[in-house]
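# Generate coordinates for the sequence data below:
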Amino acid sequence: MLVTGISGSGKSVALHALEDAGFFCVDNLPPELLRDFLRVEADHDVRRVAIAVDVRTTGALPHLLPLLEQLRGEGVAIRSLFLDADTDTLVRRFSETRRPHPLAKPAADQHRALIEAIEIERELLAELREVSTVIDTSQLRPALLGAWVRDLVQVGARSLTLVFQSFAFKHGVPLDADYVFDVRVLPNPFYIRELRALTGRDDPVAEYIEAQPEAVAMLQDIEAFLRRWLPSFESDQRSYLTVAIGCTGGQHRSVYFVETLARRFGFDRPALVRHRELGPT
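Just a heads-up that it's a prediction; the model follows:
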């Protein structure tokens, strides 16, 4: 497992989660040492390895993608995980930890210098992001990020994995979504006093939503759309497809849609469930 991403996006949290899942983890391994390291690790037979690579190895980054393709061609099973976050969140995290960005240069306006460093880093890592499974950590607590990483490694890489994620539009659209569906137009259980404290996982909320003809129709439309295009994503050799469903608070409608779609698609393929606003379960 190759772990990479934008500085401040949570790579250390991901590595700790992988370590808990039984991986042998190495942080900031220079890409030019990757082949030699894997050759040594081959002696351990079944040991799973997680390697973190980031922008601190800027000079070697252009050689990383060709190297990964070569290793895959030689039979090495490699999965790439890219952690990302919006710029405002990254700036806040760096301010809270008081740690310098690895690309930031001394300047009179440190805030502006930090933003410029983040944008440069995005450009340097853009190609790696394109070929990786992306997790947007902007709204994630460390415990939730760790749970999502553990879920990813548990499903393996046998075929296309569907990731269904609920979220609240008021907290922003997930950066890692391949498709985003907006269910805010549907009747909101939040305004039913008996349902307000519940979530879309609870039967009374599910029964309320299923009694709304427009909700049933939208659910059918989303399912039909995904089934129509899944073969194209599979033929494109995608490992993951993230489908984000958003409502106002990320508690009722989006949660119900995610749970229902994951259940329907989970019969014939791996399907993961993520509820960004509810936290780990």
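
# So, low pLDDT: which residues of this protein?
Along the chain, segments meeting pLDDT under 70 span 44-46, 57-60, 106-109, 155-158, 237, 280-281.

# quick one, helices of it?
Applying DSSP state H to the chain gives helices spanning 11-20, 34-41, 61-73, 87-97, 110-130, 142-155, 203-210, 213-235, 253-265.

# for those helices, which one ends up most surrounded?
helix 253-265 (a mean of 22; mean count of other Cβ atoms under 10 Å). Any C-beta I mention is one placed from the backbone N, CA and C, and that applies to glycine too.

# Who are the packing partners of it?
Helix 253-265 makes packing contacts with strand 161-168, helix 203-210, helix 213-235, strand 240-247, strand 271-275 when contacts are defined by 3 or more Cβ pairs under 8 Å, 6 or more residues apart in numbering; DSSP states H and E.

# Export the ones you listed to CSV and append columns for distance to Pro102.
As requested, those are exported to CSV (distance: least, Cβ to Cβ, whole Å):
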stretch, distance to Pro102
strand 161-168, 29
helix 203-210, 45
helix 213-235, 34
strand 240-247, 28
strand 271-275, 29
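
# between the ones you listed, which one is nearest to Ile78?
strand 240-247 (14.5 Å; Cβ to Cβ).

# how many degrees apart are that closest one and helix 253-265 in direction?
140 degrees (axes from the mean of the first three to the mean of the last three Cα atoms, to 10 degrees).

# neighbouring strands for strand 240-247, and are they parallel or not?
Strand 240-247 has the following sheet partners, assigned by DSSP bridges: strand 161-168 (parallel), strand 179-182 (parallel).

# just these: most buried one?
strand 161-168 (a mean of 24).

# ok, and what's touching it?
Strand 161-168 is contacted by residues 139, 152, 155, 173-174, 177, 200, 226, 239-251, 254-255, 257-258, 261-262, 265, 269-278 when judged by Cβ atoms under 8 Å, 6 or more residues apart in numbering.

# Report the angle between it and strand 271-275.
Going by the same axes, to 10 degrees, strand 161-168 makes 20 degrees with strand 271-275.

# List every C-alpha atom in strand 161-168, with coordinates, as CSV.
The C-alpha trace of strand 161-168 is given here as CSV (Å, rounded to 0.1, in the frame of the first residue of the first chain):
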residue,chain,number,x,y,z
THR,A,161,-15.3,-1.5,-5.1
LEU,A,162,-18.2,0.9,-4.7
VAL,A,163,-17.9,3.5,-1.9
PHE,A,164,-21.2,5.1,-0.9
GLN,A,165,-20.8,8.2,1.3
SER,A,166,-23.3,10.4,2.9
PHE,A,167,-22.5,14.0,3.7
ALA,A,168,-24.0,17.4,4.6
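
# now that strand, how far from the chain's geometric center?
Distance, stretch centre to chain centre, for strand 161-168: 9 Å (Cα atoms, centre = their mean, to the nearest Å).

# And for stretch 90-101?
Computed by Cα atoms, centre = their mean, the chain-centroid distance of stretch 90-101 equals 21 Å.
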